[in-house]
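Asks: okay, sequence plus prediction incoming.
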2 protein chains.
Amino acid sequence: MRIGEFQKMIERLYLSKDSARGLGKSFMWFAEEVGELAEALRGGGKKELESEFADVLAWLSTLASMEGVDLERAAGKYARGCPVCKETPCACREKI
Amino acid sequence: MRIGEFQKMIERLYLSKDSARGLGKSFMWFAEEVGELAEALRGGGKKELESEFADVLAWLSTLASMEGVDLERAAGKYARGCPVCKETPCACREKI
């Protein structure tokens, strides 16, 4: 599935509801799912992990739609190597 | 671009480095990007927003790769309507 198709699918499912709820409250839902992902990463099974990754992706997608951001176009940021050092693999040096 | 292609692209760029850093510290980077997305949502321009969405997507993808989760397969969770109410659009009722 293309990133754009996923975004459209999530729009059909949730955009009307999420738009009515508003950006701040929808961000709270996204943050809640990020917390659930952390929990699953700490000790969830593979199925739970997969499910939490899907949920964070879905909420990220709905936030993008609410702001008129095309997620597939945005993803192109990484298409020409690391956006900072321009290398593949990335050769940036970080403290951690 | 397919979700799977994006995940592979991010793996080529960052997986070796992110794996060496480990899950906990990589999650810190992801969380930092979630914070930057919140900041951009509060008042960033369109270009900044697009960039922050891409960064959160990239870190989400690398965490999935580190855990052996196929993000495109995971995204299939939403392919048959809302996973809770089974409707399109979603008809679940929430407090907010």
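Replies: That came through, no problem. Numbering: from 1, shown residues only, chains lettered A, B, ... in the order given.

Asks: CA atoms of stretch A:64-74 as PDB?
Replies: These are the backbone C-alpha positions of stretch A:64-74, laid out as PDB (Å, rounded to 0.1, in the frame of the first residue of the first chain):
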ATOM      1  CA  ALA A  64      -1.200  15.300   8.700                       C
ATOM      2  CA  SER A  65      -4.600  15.300   6.900                       C
ATOM      3  CA  MET A  66      -6.000  17.800   9.400                       C
ATOM      4  CA  GLU A  67      -3.100  20.100   8.500                       C
ATOM      5  CA  GLY A  68      -3.300  19.500   4.800                       C
ATOM      6  CA  VAL A  69       0.100  17.700   4.700                       C
ATOM      7  CA  ASP A  70       0.600  15.000   2.100                       C
ATOM      8  CA  LEU A  71       2.500  12.300   4.100                       C
ATOM      9  CA  GLU A  72       3.900  10.600   1.000                       C
ATOM     10  CA  ARG A  73       5.200  13.800  -0.400                       C
ATOM     11  CA  ALA A  74       6.700  14.600   3.100                       C
END
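
Asks: so residue A:89 makes contact with residue B:18?
Replies: No - in this structure residue A:89 lies outside contact range of residue B:18 using Cβ atoms under 8 Å: 10.2 Å. No exception for glycine: its C-beta is placed from N, CA and C like everyone else's.

Asks: higher neighbour count, those two?
Replies: Per other Cβ atoms under 10 Å in any protein chain shown, whichever of residue A:89 and residue B:18 has more neighbours is residue B:18, with 22 against 15.

Asks: contacting residues for that one?
Replies: By Cβ atoms under 8 Å, 6 or more residues apart in numbering or on different chains, the contact list for residue B:18 reads B:26, B:62, B:65-66.

Asks: can you pick the most crowded of these?
Replies: residue B:62 leads the contacts of residue B:18 on contacts (other Cβ under 10 Å) with 23 neighbours.

Asks: point me to the helix or strand that includes that residue.
Replies: Element membership for residue B:62 (DSSP states H and E) is helix B:46-66.

Asks: is the following helix or strand past that helix positioned near chain A?
Replies: Using DSSP H and E, the helix or strand that follows helix B:46-66 in sequence is helix B:71-75. Yes - Helix B:71-75 is in contact with chain A by Cβ under 8 Å from any Cβ of the partner chain, via B:71-75.

Asks: what's the closest of those residues to chain A?
Replies: residue B:74 (4.2 Å; Cβ to the nearest Cβ).

Asks: give me the neighbour count for the closest one.
Replies: 22.

Asks: that one and residue A:51: what is the separation?
Replies: 7 Å (Cβ to Cβ, to the nearest Å).
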